[in-house]
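K.L.:
missing the sequence, but the structure's below:
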């Protein structure tokens, strides 16, 4: 693998900067794209989309920033810098209007300077490139001054495109010293390079003075920057025409031949320059002819010349907004698209008090496209070649087969949930009781006449009896050991989801968690996978009916590592809201990590700390150890239950999977609590 370009990016990549493999997986690519998107938002204050490039995209899009698959090759700093540069262009949209103006309304005096020796297209193209360069200097200088935190990325970007040794070598050589447009292009583009020779071409030093790059912010209006570009073009064309006139003078033929020997280095004629015809002069001046082999100069090798020419071409592409990016293959782009739609994030959890740092894949929205992909661990086709190669997502009831236990559980849970939901309808009601003949409150008009007889108890007050709002975060251990308890567990989950969906002041979030293998690791290292499968505040219950039948358990038990993410999403209880953390699990934490593992006393204590954080938010914790009736009285289960109570508190319960409906009765009792408010 090439040397990683992460000098500045490692600040936000953390320890992962030292763990990069030759090929990033889709979760890492999605996470890094999201990070770059955040940078673009902070820099611009606008929600500018950041997308990976493909063969169908145009890099000159004025609404979207495109990044390349170069991230998988370690090109982080330059990719961030290029994304920020493109986003900054979107901040200055009038630039695009100015470019159109060049093509449609270029001042006639500039065309006349060509004296019919240069094509109008060549003059307009040179003007556009010059303006692009001036505009870039202004925009980049503006960002460099106003956002110092991004300077490192800009430095990396300029090192890649403008300060390469291959370009510096050309600047010091005899190349690009002939008086023609292509030489001026090269020399102007690289005026920032310390190796730039201001005496390489006539009027180059004057151009440098006109630009005054250290004071480029004086050109605050786009029109000012365009006018400066026009002045530079006028100066160059005047110089070119003076040389052309000398070329037509027989007395200057020896001088001309000497100049030709220096040679053009990009898109110039490779024929031996002797007595030039008018057509030859035009081709040479505008650089329109494309050589099979560049003309050599005697102070650099042919290989050095060719390498420099490639970098020069990359510079011109950069200025034109079409810098080449590594395009990801269609399969990877399709997988990334599914992850993006699901709001996938990659965050670090653990990393203190002896707990290893672990990557946690957080899925904010469960989608059908994600379930049908090979990257979703809670589906029967996880990791299958068939799912990976799919280019179009399938819909419920098509080629994917539901998981039998989940399908039965969803069907049963829906029916039970309808019955429970009807019982909970009373939660939406409120009862007002009027207390009259009081000494303060509102005047009771019916008692007003009694005031004349000295009765002062003519007031009333109302007491409103109603139910507080309630929210439940139901998190389910979806590790492989839940296999024989999955049907009953899904019945409970769906029943609660259905019942809550029928009551206006109740809401529920259902999440599943497990530990899954890391895509790029063969040492047994696992990641935490946490998916928010349903949120009644934003989702319709039909999502449960359509997607949950395909869910199946898989992987290890991450417990506290997953709770680190959950604790940030649970709302705090207050006077208007009761919050519950409902946990269903069947064992102790276990997750292989590198050469160690997340287990034992360390994992138990870490889980206990996360649960206490949830309790500190005034959230009621209800945790249930679900076990098969065949083993519920075994010593193993008793030992596990002792560890379970150490993690979740003395009120944690061990229940038979056949009696899992007891949890629904407990939650029903919590839901029927009232709050009395007086008004």
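P.N.:
All right, it came through fine. The structure displayed is predicted, hence computed values, not measured ones.

K.L.:
where do the strands sit along the stretch 201-350 of the chain?
P.N.:
Ranges of strands within the stretch 201-350 of the chain are 344-349, based on DSSP state E, counting those that start in this stretch.

K.L.:
where does it dip in pLDDT?
P.N.:
Applying pLDDT under 70 to the stretch 201-350 of the chain picks out residues 243-298.

K.L.:
domains in this structure, as residue ranges please.
P.N.:
Following the assignment in automatic domain parsing, the chain carries domains at 10-319, 400-424+467-673, 430-465.

K.L.:
what's the next secondary structure element after the longest strand along the chain?
P.N.:
What stands out as the longest strand in the chain, according to DSSP state E, is strand 506-517. For strand 506-517, the succeeding helix or strand toward the C-terminus, using DSSP states H and E, is strand 526-535.

K.L.:
Do me a favour and average the pLDDT over that following strand.
P.N.:
The average pLDDT for strand 526-535 rounds to 95.

K.L.:
any chance of the domains of the chain in JSON lines, plus distance to residue 334 and mean neighbour count?
P.N.:
Backbone N, C-alpha and C define where each C-beta goes, glycine included. Supplementary listing: these in JSON lines, determined by distance: least, C-beta to C-beta, whole Å; neighbours: other C-beta atoms under 10 Å:
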{"stretch": "domain 10-319", "distance to residue 334": "10", "mean neighbour count": "17"}
{"stretch": "domain 400-424+467-673", "distance to residue 334": "16", "mean neighbour count": "19"}
{"stretch": "domain 430-465", "distance to residue 334": "51", "mean neighbour count": "12"}
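
K.L.:
Tell me which of those domains approaches residue 352 most closely.
P.N.:
Closest to residue 352 of the domains of the chain, according to C-beta to C-beta: domain 400-424+467-673, at 8.8 Å.

K.L.:
among the domains of the chain, which is nearest residue 338?
P.N.:
Per C-beta to C-beta, nearest to residue 338 of the domains of the chain: domain 10-319, 8.8 Å.

K.L.:
Give me the distance from the closest one to the chain's centre.
P.N.:
29 Å (C-alpha atoms, centre = their mean, to the nearest Å).

K.L.:
so the longest strand of the chain versus strand 526-535, what angle?
P.N.:
Relative orientation of strand 506-517 versus strand 526-535 (axes from the mean of the first three to the mean of the last three C-alpha atoms, to 10 degrees): 160 degrees.

K.L.:
Give me the packing partners of strand 506-517, helices and strands only.
P.N.:
strand 469-477, helix 486-501, strand 526-535, helix 560-566 (3 or more C-beta pairs under 8 Å, 6 or more residues apart in numbering; DSSP states H and E).

K.L.:
Out of the ones you listed, which gets nearest to residue 311?
P.N.:
Judging the helices and strands packed on strand 506-517 by C-beta to C-beta, what sits closest to residue 311 is strand 526-535, at 39.8 Å.

K.L.:
just how off-centre is that closest one within its chain?
P.N.:
When distances are taken as C-alpha atoms, centre = their mean, strand 526-535 is centred 18 Å away from the chain's centroid.

K.L.:
What average pLDDT does whatever helix or strand comes next after it get?
P.N.:
Counting by DSSP H and E, the next helix or strand C-terminal to strand 526-535 is helix 542-547. For helix 542-547, mean pLDDT rounds to 96.

K.L.:
got the contact list for helix 542-547?
P.N.:
Outside helix 542-547, the residues within contact range by C-beta atoms under 8 Å, 6 or more residues apart in numbering are 366, 368, 371, 396, 410, 414, 494, 497-498, 510, 533-534.

K.L.:
Kindly reformat those as CSV containing distance to residue 633.
P.N.:
Output for these, formatted as CSV (distance: C-beta to C-beta, whole Å):
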residue, distance to residue 633
366, 37
368, 42
371, 38
396, 41
410, 31
414, 33
494, 29
497, 32
498, 33
510, 30
533, 33
534, 34
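
K.L.:
For those residues, point out the one with the lowest pLDDT.
P.N.:
Lowest pLDDT within the contacts of helix 542-547 is found at residue 396 (51).

K.L.:
so where's the stretch 551-679 of the chain uncertain?
P.N.:
594-595, 673-679.

K.L.:
swap the cut-off to 50 and go again
P.N.:
Across the stretch 551-679 of the chain, residues meeting the criterion (pLDDT under 50) sit at 675-679.

K.L.:
quick one: the strands in it?
P.N.:
Under DSSP E, counting those that start in this stretch, the stretch 551-679 of the chain gives strands at 577-585, 591-593, 596-598, 620-627, 653-656, 675-678.

K.L.:
circling back: what would the helices and strands packed on strand 506-517 look like in TSV with distance to residue 162?
P.N.:
Output for the helices and strands packed on strand 506-517, formatted as TSV (distance: least, C-beta to C-beta, whole Å):
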stretch	distance to residue 162
strand 469-477	52
helix 486-501	57
strand 526-535	40
helix 560-566	42
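
K.L.:
Which among the ones you listed is found nearest to residue 669?
P.N.:
Comparing those against residue 669 with C-beta to C-beta, the closest turns out to be strand 469-477 (11.8 Å).

K.L.:
quick one: contacts of the closest one?
P.N.:
Counting by C-beta under 8 Å, 6+ apart, 482, 489, 493, 496-497, 500, 505-514, 557, 559, 562-563, 566, 569-571, 576-587, 667, 670-671 sit against strand 469-477.

K.L.:
What pairs with that strand, parallel or antiparallel?
P.N.:
Here strand 469-477 has these sheet partners by DSSP bridges: strand 506-517 (parallel), strand 577-585 (parallel).

K.L.:
residues making contact with the last one?
P.N.:
Contacts to strand 577-585, defined as C-beta under 8 Å, 6+ apart, come from residues 468-477, 489, 492-493, 557, 559, 566, 570-573, 611, 614, 617-626, 644, 648, 663, 667, 670, 673.

K.L.:
can you check stretch 351-365 too?
P.N.:
Contact partners of stretch 351-365, identified using C-beta under 8 Å, 6+ apart, comprise 15-16, 27, 341-350, 370, 516, 518, 526-532, 558, 560-562, 564-565, 591, 593-594, 596, 598, 602-603, 605-606, 609.
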